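Novice: Got a predicted model here, sequence first, then my questions.
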Amino acid sequence: MILLPFQVFANVSVNQVLCENKINPMGVNLKEIAFSWEIYSTGFDVAQIAYHRVVASSKDKLNADDYDVYNTDLVKSLQSIRTMYNGKELQPGTSYYWKVRIWDNQNRISAWSDVQTFPIRLCKSIVVIQDKKPSSVAGLLSFLIFW
């Protein structure tokens, strides 16, 4: 019997990719958009030491490495929860596409995460005004205050 030495290499990947704590949220506010992700590894004592997050105006552009909206480049950080968007101004009513990859403490680079999307809401907030007279024709009125 011949025994050959081999090494077991751990893989590292990015899973559970979230925008505003949701997978592909239905809409996000323009202010303080936060991205999060989980790191998965088959090895022990694996930690993120850096990330690279990109945003594009279409899925095709994102997959073609055309990051026309935002590109963090390499960010040395252990943070993977609520990393904030600080790129160019986003437009209400527009959907954006993003993905992230990480470097671990053994200098391995993960593959890119699955592509996720986040649409920006059309309105800033919803204000509800209720008439105090129950017999009033006005009853309950809702107004959308647009940007």
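Specialist: Yep, it's here. Residues are numbered from 1 along each chain as shown.

Novice: and stretch 72-83, C-alpha only, in PDB?
Specialist: Presented in PDB, the C-alpha positions along stretch 72-83 are these (Å, rounded to 0.1, in the frame of the first residue of the first chain):
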ATOM      1  CA  THR A  72     -15.300  49.800  -3.000                       C
ATOM      2  CA  ASP A  73     -12.200  48.100  -4.300                       C
ATOM      3  CA  LEU A  74     -10.400  46.200  -1.500                       C
ATOM      4  CA  VAL A  75     -11.600  47.300   2.000                       C
ATOM      5  CA  LYS A  76      -9.500  45.900   4.900                       C
ATOM      6  CA  SER A  77     -12.200  45.200   7.500                       C
ATOM      7  CA  LEU A  78     -13.500  42.500   9.700                       C
ATOM      8  CA  GLN A  79     -17.000  44.000   9.300                       C
ATOM      9  CA  SER A  80     -19.600  42.000   7.400                       C
ATOM     10  CA  ILE A  81     -22.700  43.300   9.200                       C
ATOM     11  CA  ARG A  82     -24.200  46.600   8.100                       C
ATOM     12  CA  THR A  83     -21.400  47.900   5.900                       C
END
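
Novice: Off-centre distance for it?
Specialist: 12 Å (CA atoms, centre = their mean, to the nearest Å).

Novice: Which residues outside it are in contact with it?
Specialist: 34-39, 47-54, 102-103 (CB atoms under 8 Å, 6 or more residues apart in numbering). (C-beta placed from N, C-alpha, C; glycine too.)

Novice: Then stretch 39-55?
Specialist: 9-15, 35, 62, 67, 69-80, 83, 85, 87, 96-106, 110.
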